[in-house]
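Peer 1: okay, here's the prediction I keep looking at, along with the sequence it came from:
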Amino acid sequence: MKELLSPRIHVVDALRGFAIVSILLLHNLEHFDYYYSPSNLPEWMKMVDKQVWETMFFLFGGKSYAIFALLFGLTFFIQSNNQAKKGKDFRARFAWRLVLLLGFGFVNSIFYEGDILTFFALMGFVLIPVAHLSNKAVLLIAVLLMVQPAEWCSLVWGLQHPDVKLGDPLSWSYFGQAGAYIEGDSFINTAIGNLTNGKVAVYLWNWEEGRFFQTASLFMLGMLAGRKGLFKTSDSNNRFWSRALVVAIVVIIPLFILKSNVTEWIPDEPIRRPLERILKSWYNVGFTLVLIASFVLLFSKGIGRKILGVFIPLGKMSLSNYMMQSVAGSILYYGFGFGLYKYTGASYCLLIGIALAVLQGIFCSWWLKSHRQGPLESIWHRLTWGKAK
């Protein structure tokens, strides 16, 4: 395995920071998981909002999370590899680290039901049994997961029963109940609703969207990227990312056409629904590769490094930033706070999101002048290692 940690790979921090900012922008557009369109906006503003929404989700919807998932697997490799050099097996301590992350996730879920920390914590256990497998074995497992086997089973069933009428996805009924507590002025009721109804809704949605298989696959691909040292600065890696960019663009064009027209081409819902999910999953991963490859290649250039380097402090404090976003977003948009969901369309929300991202960037730069890690990263680190470190 190639040495990866020293010197620190700043492009990874920058990429993680880019992902955390784009996640923040999308969460603001969604009023932090409470979809509501204000009716008092002028028609021209509604048209602008529609364009803002579609553009932002075209660029980042399903992709920012995928970047985060890939880097989660990469981080696992870095930590595991560092311990292996000392003759230590990291897997047991990684399991404990995931338990701690689960705790952070439950705290975050008090404010934001769409939290991904609990999901990543539970899914992270898939890395433990594959950690010592060969690259070929891990790649094979990752590909099989990325294929979306559950959806293919549903598709086979749909081909046999094309006339069956399917009900709405089960998660919809739970998300539909969110207004009862998010619109209210009680923080306690909101917290309880997020931790009960909200978590059920989110996990059902993750299953319905194929996120279980996709996330596990991305974790493993991130681990493989770490083994191959693909984020180190080198001419060979630049050639790899250049080829990856071209291949990804070639692949996502037909996938985009297929997923955009599958509703018109296939009227039978038992066939169409799983096919839509398969195509959407593959397209998002392909587009994610376009974003990652473009980012890495730009970062390898002097001017690109200066511009994209602004994301480095945000990436170094991604856990702290993610949880701060949830607290700030719930206070801004939910009923127990300022209730801005009633007044803000996508355009206003985007401006609020940009303002929050700038404030977080300023805070991170200030904090890291006197600390090695973010506040929550430091707590996670101490609880992970205790005296053993």
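Peer 2: Structure received. Numbering: from 1, shown residues only.

Peer 1: residue contacts, Phe213?
Peer 2: Each residue near Phe213 by Cβ atoms under 8 Å, 6 or more residues apart in numbering is listed here: Leu145, Met146, Val147, Gln148, Pro149, Ala150. Where you see a C-beta, it was placed from the backbone N, CA and C, and this is true even at glycine.

Peer 1: which one of those residues has the most neighbours?
Peer 2: Tallying neighbours with other Cβ atoms under 10 Å puts Gln148 at the head of these, with 23 neighbours.

Peer 1: that residue contacts Ile278, doesn't it?
Peer 2: Yes. Judged on Cβ atoms under 8 Å, Gln148 makes contact with Ile278 at a distance of 5.0 Å.

Peer 1: and for those two, which residues touch both?
Peer 2: Common neighbours of Gln148 and Ile278 (Cβ under 8 Å, 6+ apart) are Gly210.

Peer 1: give me the below-cutoff pLDDT ranges for the stretch 1-150 of the chain.
Peer 2: 1-8 (pLDDT under 70).

Peer 1: ok so, going back, show me the contacts of Phe213 that map onto helices.
Peer 2: Leu145, Met146, Pro149, Ala150 (DSSP state H).

Peer 1: residue contacts, the third one?
Peer 2: Under the criterion of Cβ under 8 Å, 6+ apart, the contact list for Pro149 reads Phe213.

Peer 1: related to what we said a few turns ago, most widely separated two among the ones in helices among the contacts of Phe213?
Peer 2: Pairwise distances across these peak at 12.3 Å for Met146 and Ala150 (criterion: Cβ to Cβ).

Peer 1: any idea which residue sits dead centre in the chain?
Peer 2: Tyr65 (1.5 Å; Cα atoms, centre = their mean).

Peer 1: gap between it and Ile78?
Peer 2: Between Tyr65 and Ile78 the distance is 20 Å, computed by Cβ to Cβ, to the nearest Å.

Peer 1: returning to what we had before: so who does the residue nearest to the centre of the chain touch?
Peer 2: With Cβ under 8 Å, 6+ apart, Tyr65 has these contacts: Ala19, Ile23, Ile116.

Peer 1: next one: stretch 129-138 to chain centre, how far?
Peer 2: Stretch 129-138 has its C-alpha centroid displaced from the chain centroid by 24 Å (Cα atoms, centre = their mean, to the nearest Å).

Peer 1: so for that stretch, first residue to last residue, what's the gap.
Peer 2: 10 Å (Cα to Cα, to the nearest Å).

Peer 1: now it: buried residues?
Peer 2: Val130, Ala131, Val138 (16 or more other Cβ atoms under 10 Å).

Peer 1: tell me the SS of Phe32?
Peer 2: Classification of Phe32 using DSSP: H, G, I helix; E, B strand; the rest coil returns coil.

Peer 1: which residue sits closest to it, ignoring its sequence neighbours?
Peer 2: Nearest residue to Phe32 in three dimensions, chain neighbours excluded: Gly329, at 3.9 Å (Cβ to Cβ, 6 or more residues apart in numbering).

Peer 1: what average pLDDT does the helix or strand harbouring that neighbour get?
Peer 2: Using DSSP states H and E, Gly329 maps to helix 318-333. Here helix 318-333 scores 97 as its mean pLDDT.

Peer 1: show me how far that helix is from its chain's centre.
Peer 2: On Cα atoms, centre = their mean, the centre of helix 318-333 falls 15 Å from the chain's centre.

Peer 1: coming back round to it: let's see if you can find the most crowded of the contacts of Tyr65.
Peer 2: Neighbour max across the contacts of Tyr65 (other Cβ under 10 Å) = Ala19, 29 neighbours.

Peer 1: element containing that one?
Peer 2: With DSSP H and E as criterion, Ala19 is part of helix 10-29.

Peer 1: that helix to helix 318-333, inter-axis angle?
Peer 2: 20 degrees (axes from the mean of the first three to the mean of the last three Cα atoms, to 10 degrees).

Peer 1: quick one on the thing from earlier: show me which residues of the helix or strand hosting the residue nearest to the centre of the chain are buried.
Peer 2: Element membership for Tyr65, per DSSP H and E: helix 64-84. Using 16+ other Cβ under 10 Å as the test for burial, helix 64-84 gives 64-81.

Peer 1: using PDB, list the CA coordinates for it.
Peer 2: Written as PDB, here are the backbone C-alpha positions of helix 64-84 (Å, rounded to 0.1, in the frame of the first residue of the first chain):
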ATOM      1  CA  SER A  64     -22.500  16.000  -2.800                       C
ATOM      2  CA  TYR A  65     -23.500  13.100  -0.500                       C
ATOM      3  CA  ALA A  66     -21.700  10.700  -2.900                       C
ATOM      4  CA  ILE A  67     -18.500  12.700  -2.600                       C
ATOM      5  CA  PHE A  68     -18.800  12.600   1.200                       C
ATOM      6  CA  ALA A  69     -19.400   8.800   1.100                       C
ATOM      7  CA  LEU A  70     -16.300   8.200  -1.100                       C
ATOM      8  CA  LEU A  71     -14.200  10.300   1.200                       C
ATOM      9  CA  PHE A  72     -15.500   8.400   4.200                       C
ATOM     10  CA  GLY A  73     -14.000   5.200   2.800                       C
ATOM     11  CA  LEU A  74     -10.800   7.000   2.000                       C
ATOM     12  CA  THR A  75     -10.500   8.300   5.600                       C
ATOM     13  CA  PHE A  76     -11.000   4.700   6.800                       C
ATOM     14  CA  PHE A  77      -8.100   3.600   4.700                       C
ATOM     15  CA  ILE A  78      -5.800   6.400   5.900                       C
ATOM     16  CA  GLN A  79      -6.500   5.600   9.600                       C
ATOM     17  CA  SER A  80      -6.300   1.900   9.100                       C
ATOM     18  CA  ASN A  81      -3.100   2.200   7.100                       C
ATOM     19  CA  ASN A  82      -1.500   4.400   9.700                       C
ATOM     20  CA  GLN A  83      -2.200   1.800  12.400                       C
ATOM     21  CA  ALA A  84      -1.000  -1.100  10.200                       C
END
